[in-house]
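Asks: can't give you the sequence, but here's the structure:
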């Protein structure tokens, strides 16, 4: 499974405008919930906040991968984007975050969910990939940078 199979340019926002952790999570959840209004955004947000309360998903190097499992979504979905200025996200390295990937899916997609989390973490481990994604000025540029990075990994 490729990350670009879970992500569409419509679920990428540049720049994300949230100034706090919760505002950013709401904004990202709204991106996955906007698909014809099919998903209960309040339920999806609850699942993501519940997971975030266990341990911050700010993995370091200015990256966060908030995620959650909810029956409100029938399949694994992804949203992404970056902020104009880094935001405090309680990241594990203590540094602010500017690059975000939200992953949500039903309990039944636990295996693919873990694989997708791992793929995101591997992809953004490379500084040049993070730089390309943060340099993107449109959702399409961000998406193309993801596609190119996946093709070369």
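Replies: Thanks, I have the structure now. These numbers were taken from a predicted model, which means no experiment stands behind them. Numbering: from 1, shown residues only.

Asks: Can you tell me which residue is spatially central in the chain?
Replies: Nearest to the mean C-alpha position of the chain, counting by C-alpha atoms, centre = their mean, stands residue 101 at 1.4 Å.

Asks: Determine whether the claim that residue 73 is in a strand is correct.
Replies: No: using DSSP: H, G, I helix; E, B strand; the rest coil, the assignment for residue 73 is coil, not a strand.

Asks: Counting neighbours, what do you get for it?
Replies: Residue 73 has 22 neighbours, counted by other C-beta atoms under 10 Å. All C-beta atoms are positioned from the backbone trio N, CA, C, and that covers glycine.

Asks: same thing with residue 128?
Replies: Other residues within reach of residue 128 by the criterion other C-beta under 10 Å amount to 9.

Asks: can you confirm the residue nearest to the centre of the chain is in a strand?
Replies: Yes: counting by three-state DSSP, residue 101 is found in a strand.

Asks: Touching, it and residue 65? I think so.
Replies: Yes: the pair residue 101 / residue 65 is scored as a contact, 4.9 Å apart, by C-beta atoms under 8 Å.

Asks: where do the contact lists of those two overlap?
Replies: residue 120 (C-beta atoms under 8 Å, 6 or more residues apart in numbering).

Asks: partners of the residue nearest to the centre of the chain in the sheet?
Replies: Beta-bridge partners of residue 101, counted by DSSP bridges, are residue 80.

Asks: Contacts only, for it.
Replies: Contact analysis of residue 101 by C-beta under 8 Å, 6+ apart lists 63-66, 78-80, 120, 124.

Asks: Mind putting the residues you listed into a markdown table with pLDDT, secondary structure and neighbour count?
Replies: Below are those laid out as a markdown table (pLDDT from 0 to 100; DSSP: H, G, I helix; E, B strand; the rest coil; neighbours: other C-beta atoms under 10 Å):
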| residue | pLDDT | secondary structure | neighbour count |
| --- | --- | --- | --- |
| 63 | 98 | strand | 26 |
| 64 | 98 | strand | 28 |
| 65 | 98 | coil | 20 |
| 66 | 98 | coil | 24 |
| 78 | 95 | strand | 25 |
| 79 | 97 | strand | 26 |
| 80 | 98 | strand | 27 |
| 120 | 97 | helix | 22 |
| 124 | 96 | helix | 21 |
